[in-house]
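>>> model the structure of this input:
(chains A and B)
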Amino acid sequence: MAAYSVSVALTGSGGAGAMTAGQVLLDAASKAGFYGLMTRSMGPQIRGGEAAALLRISTRPISSLDDHYDLLVAFDWGNISRFAAELPLAETSLVLADPVHGAVPDPIAAYGARGADLALKDIAATIPGGRVNMVGVGAAAALIGLPLDAVLQVVTTQLARKGEAVLAASTAAIKAGAEAAAALPATARLPGHRHDGAPRWNISGNEAAGLGALKGGIKFVAAYPITPATEVLEWLAPALEKTGGVLVQAEDELASINMVIGGSFAGLPSLTATSGPGLALMMESLGLAVASETPLVLVDVMRGGPSTGIPTKSEQSDLNIAVYGLHGDAPHVVVAPTSITDCLFTTQWAVYLAEALQTPALVLSDQAMGQSRIVAPQPQPAPFKAKRLVAEGALENYQRYALTASGVSPMAIPGTTGGQYVADGLEHNQRGTPSSQAGDHQAQMDKRADKLTNFDYGAHWADIEGEGDIAVITWGAVSGPVREAIERAEAQGMKIRQISLRLLLPASPDRMAQALAGVRRILIAEQTHGQQFTKFLRAHYDLPAERVVVNRPGPLPIRPNEILSRLLAWK
Amino acid sequence: MTAQTSLTAQDFKSDVKPIWCPGCGDYAVLSAVTKAMAELGRRREDIAFISGIGCSSRIPAYTNVYGFHGVHGRALAIAAGVKLARPDLTVIAAGGDGDGLSIGGNHFMHACRRNVDMTYIVMDNQVYGMTKGQASPTTAPDWCNSKLTPEGTGISPVEPARLALASGANFIARGFAGNPNEVARLIVEGIHHPGFSFIHVLSPCVTYRPEQREWKTVVHAGEGDPSKAIAEAMQRLSTDDGYTTGVLFAGTRPAFMPARHEKASLAEIEGKFLS
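Model prediction:
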């Protein structure tokens, strides 16, 4: 457990206002100069299912949930047993609940945490229009030492458009909750802290991916809704429209990926976003984009699989299909953000790579990043922008798939005189005419593979930190808890390297060999049941023989102490 | 719009030799398409010709415009992407009955209702030719010449024009490959008509459906006014024998095109995340 942060879980039936309450606390933490993170755990129901806002508020930037929650505020007990496993509590934790909802249910009581009663419903009832969740916000803020002023400021801003009566009721409910907290047992509190004045952002991973797309130069998006990727598309809809781009809702994922291929063929940097089931449907057409060398970006926000799986909860198990799912030898780019804010950089980079290499680039985000909000330092601007090698001028005997040194050939955009060609998923010669000849197949296969392997991806292929003869190799959302575990191990005198892969395909064996120089032991951390990432690493890289794998399917996130305990065994 | 050109149908043909069988109806459709392209008066580079998979879907390679030969069934999705991204282009999609109405059936329905300003030509020969003769969605239930369904399919065929009308297509016409001049006229009219236009072309497969040579004896010109209300067209098409050629329906729905604005800078959009 980190002394610089406090973790709070707010739970209730869907519609009870747990998410709103969590959002208010996170925004207030930001206002008061803290950093923070809020992930969401939800059931599949739109109303009446279970919901939890899982917060961590900190005096310094964080990228992971902590090992357990210091405070659990239950607005009701609803279906808490369905996700009690996602709410780890310590004996020092405090469980705050309204006695009208009965005793603390067994799966929560089993943690052995301290309990306290708070008559949320009765307190809310004393205030006209008072809501239980706002009473909880006031109590939670007071217990963890979050300044009430900041909370009230946030609510004032957020509820301004709902009218004075609503604002007055919420303000009174928050104050009443805070007053009631005075009689409650003490819990972990935030250390005294002043705003460092540095600009910070409050953003979700899905919004960050949308922004990265926009900054990379995406102008055309075809969309089919799917949990947990929909927010990428919903954020992009108005943002694209305001910046001269176009978003169209397709009839299915087969249409959305093909519309994107059409938009890109016509000359606009194009993108779609989906999750596992949609990605599976898009596979054939991704192969078409590879063969026809049509650039596009596909953001896949991973959820529990296989099949419909667990739509609202996170997993890293689309790795295999993203890397190996295309039929034929189909070289393409797969990248993965290493944090919520990195969804911006990595998506922006993916736009650049797709356009520069005239190939599909898949961005593997996940629910844990996509649907979580973070308060983090303002991201540094990145220079990456779509820049496609196009055929210009007076074209004669134009060859769309001409063999070039880089493997990338100038692409004629419709409207360009003399550049007419037929893009094709059939194997073709340099001109683009279908061909089943061995020589053409070999030459075009070489071209499509070489253009990816010859490209200089620079230092962005991985985030590499630390030193020593132990390395942790990980990717995606698991990078956060790994970073925190290494910090704690280093505080105990260990030296450990962290390698978080951002570029999954094409593999970079030379760079990995360099990153692993002097490493004797490795730990691989991933959120899959079948060790997909470990097998991927073993297929593409030479790894030290002494290795440990920490893996688990979703929805339980991998927590820092799980990795720490494995690392300390090597001390 | 670009200046008028004086290109001929021949100028729209490529030097790639078609893979089609001798006598295939699709040759006539190719002639009709290139004739229509020439009549449009547009430059070759301002036309995009999109197809899926199947014998007839090979057609873009035999023309001289920008083309995309995609995967099976998805021509309309690619075509919609092209047109929405580049409204300045003339977009034509083409393919067979299996490509457009079976594997691509969902896209057909939604293309009709979305009403993007483009033209779709279905070369209907009531058979999957490229896979050597299986029943298609327009094959009669009692056609027993396929090894896959030796007793016939036993299921009702789709009537493409009727399906298009029910799905909201804004322009519906039928032509016969034996009369390529009429097909060319219908294609030009369809392209000029705002929104989604569907040109159903009876295009015989002389290899697997030689009896379709007799279509020339059964096709006939339509009667009735295609610009009348949908109810009238529904009534007319419900009793149509499937061999009526000409414009079958011409609606008045405006074409779909999302608005584009430039009213915010990236910095303004980004600024919303400052906390």
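
>>> would you map the helices across the stretch 1-150 of chain B?
B:26-40, B:75-85, B:97-98, B:105-114 (DSSP state H, counting those that start in this stretch).

>>> what lies in contact with the one helix or strand A:Ala222 maps to?
Using DSSP states H and E, A:Ala222 maps to strand A:220-223. With contacts defined as C-beta atoms under 8 Å, 6 or more residues apart in numbering or on different chains, strand A:220-223 is touched by A:213, A:233, A:236-237, A:240, A:245-250, A:255-257, A:259-260, A:263-264, A:268-273, B:81, B:84-85. To be clear about C-beta, it is placed using only N, CA and C from the backbone, and glycine gets the same treatment.

>>> let's see which of these end up in helices.
A:213, A:233, A:236-237, A:240, A:255-257, A:259-260, A:263-264, B:81, B:84-85 (DSSP state H).

>>> surely A:Pro555 is in contact with A:Ser41?
Yes. Counting by C-beta atoms under 8 Å, A:Ser41 is a contact partner of A:Pro555 at 7.1 Å.

>>> who's in contact with B:Pro60?
A:422, B:49-51, B:67-69, B:94.

>>> cutoff 10 Å now
When contacts are counted by C-beta atoms under 10 Å, 6 or more residues apart in numbering or on different chains, B:Pro60 touches A:420-424, B:14, B:16, B:33, B:48-51, B:66-70, B:75, B:92-94.

>>> ok, A:Ala280 next?
Counting by C-beta under 10 Å, 6+ apart, the residues that A:Ala280 touches are A:253, A:274, A:305-307, A:318, A:321, A:325.

>>> and the two most separated of the residues you listed?
A:Glu253 and A:Pro306 (16.4 Å; C-beta to C-beta).

>>> look at the two and report which has more neighbours.
Ranked by neighbour count (other C-beta atoms under 10 Å in any protein chain shown), A:Glu253 and A:Pro306 place A:Glu253 first, with 22 against 11.

>>> okay, now A:Ala382: neighbour count?
16.

>>> what strand or helix carries A:Lys535?
Here A:Lys535 is assigned to helix A:532-540, by DSSP H and E.

>>> which parts of chain B are strands?
B:47-51, B:66-69, B:90-96, B:119-124, B:171-176, B:197-202, B:220-221, B:244-250 (DSSP state E).

>>> the last one - contacts with which helices or strands?
Meaning strand B:244-250. Contacts defined by 3 or more C-beta pairs under 10 Å, 6 or more residues apart in numbering or on different chains; DSSP states H and E place strand B:244-250 against helix B:160-167, strand B:171-176, helix B:180-192, strand B:197-202, strand B:220-221, helix B:230-238.

>>> looking at these, which is nearest to B:Ala9?
helix B:180-192 (8.3 Å).

>>> OK, now which residue of the stretch 51-200 of chain A is nearest to chain B?
A:Arg200 (5.1 Å; C-beta to the nearest C-beta).

>>> oh, I was asking about the stretch 451-571 of chain A
Per C-beta to the nearest C-beta, A:Gly480 is where the stretch 451-571 of chain A lies closest to chain B, at 19.3 Å.

>>> residues contacting that residue?
A:37, A:62-65, A:338-340, A:368-369, A:372, A:374, A:474, A:500, A:557-558, A:560.

>>> follow-up on the earlier one: dump the strands of chain B to JSON lines, plus mean pLDDT, distance to A:Leu286 and mean neighbour count.
Listed next are the strands of chain B as JSON lines, based on pLDDT from 0 to 100; distance: least, C-beta to C-beta, whole Å; neighbours: other C-beta atoms under 10 Å in any protein chain shown:
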{"stretch": "strand B:47-51", "mean pLDDT": "98", "distance to A:Leu286": "18", "mean neighbour count": "28"}
{"stretch": "strand B:66-69", "mean pLDDT": "98", "distance to A:Leu286": "15", "mean neighbour count": "28"}
{"stretch": "strand B:90-96", "mean pLDDT": "98", "distance to A:Leu286": "21", "mean neighbour count": "29"}
{"stretch": "strand B:119-124", "mean pLDDT": "98", "distance to A:Leu286": "24", "mean neighbour count": "29"}
{"stretch": "strand B:171-176", "mean pLDDT": "98", "distance to A:Leu286": "33", "mean neighbour count": "27"}
{"stretch": "strand B:197-202", "mean pLDDT": "98", "distance to A:Leu286": "29", "mean neighbour count": "28"}
{"stretch": "strand B:220-221", "mean pLDDT": "96", "distance to A:Leu286": "46", "mean neighbour count": "10"}
{"stretch": "strand B:244-250", "mean pLDDT": "97", "distance to A:Leu286": "37", "mean neighbour count": "21"}
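
>>> take these and write them to JSON lines, including distance to A:Arg161.
Putting the strands of chain B into JSON lines (distance: least, C-beta to C-beta, whole Å) gives the following:
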{"stretch": "strand B:47-51", "distance to A:Arg161": "46"}
{"stretch": "strand B:66-69", "distance to A:Arg161": "47"}
{"stretch": "strand B:90-96", "distance to A:Arg161": "43"}
{"stretch": "strand B:119-124", "distance to A:Arg161": "46"}
{"stretch": "strand B:171-176", "distance to A:Arg161": "46"}
{"stretch": "strand B:197-202", "distance to A:Arg161": "46"}
{"stretch": "strand B:220-221", "distance to A:Arg161": "63"}
{"stretch": "strand B:244-250", "distance to A:Arg161": "47"}
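
>>> nearest to B:Met257, out of those strands?
Closest to B:Met257 of those is strand B:90-96 (C-beta to C-beta; 12.0 Å).

>>> by contact count, what packs against that closest one?
When contacts are defined as 3+ C-beta pairs under 10 Å, 6+ apart, strand B:90-96 sits against helix B:26-40, strand B:47-51, strand B:66-69, helix B:75-85, helix B:105-114, strand B:119-124, helix B:180-192, strand B:197-202.

>>> what's the most buried one of these?
When the helices and strands packed on strand B:90-96 are scored by mean count of other C-beta atoms under 10 Å in any protein chain shown, the highest mean neighbour count falls to helix B:75-85 (a mean of 31).

>>> what angle sits between it and helix B:105-114?
Helix B:75-85 and helix B:105-114 are oriented at 40 degrees to each other (axes from the mean of the first three to the mean of the last three C-alpha atoms, to 10 degrees).

>>> what sits against residue 233?
The chain I'm using is chain A. Contacts of A:Leu233 (C-beta under 10 Å, 6+ apart): A:206, A:210, A:221-226, A:240, A:247, A:249, A:256, A:271-274, A:299.

>>> wrong chain, I was asking about chain B
B:161-162, B:165, B:172, B:224-227, B:240, B:248-251 are the contacts of B:Ala233 under C-beta under 10 Å, 6+ apart.

>>> check A:Tyr421 too.
A:Tyr421 neighbours (C-beta under 10 Å, 6+ apart): A:391, A:395, A:398-401, A:411-412, A:414, A:428, A:431-433, B:14, B:60-61, B:65-68.
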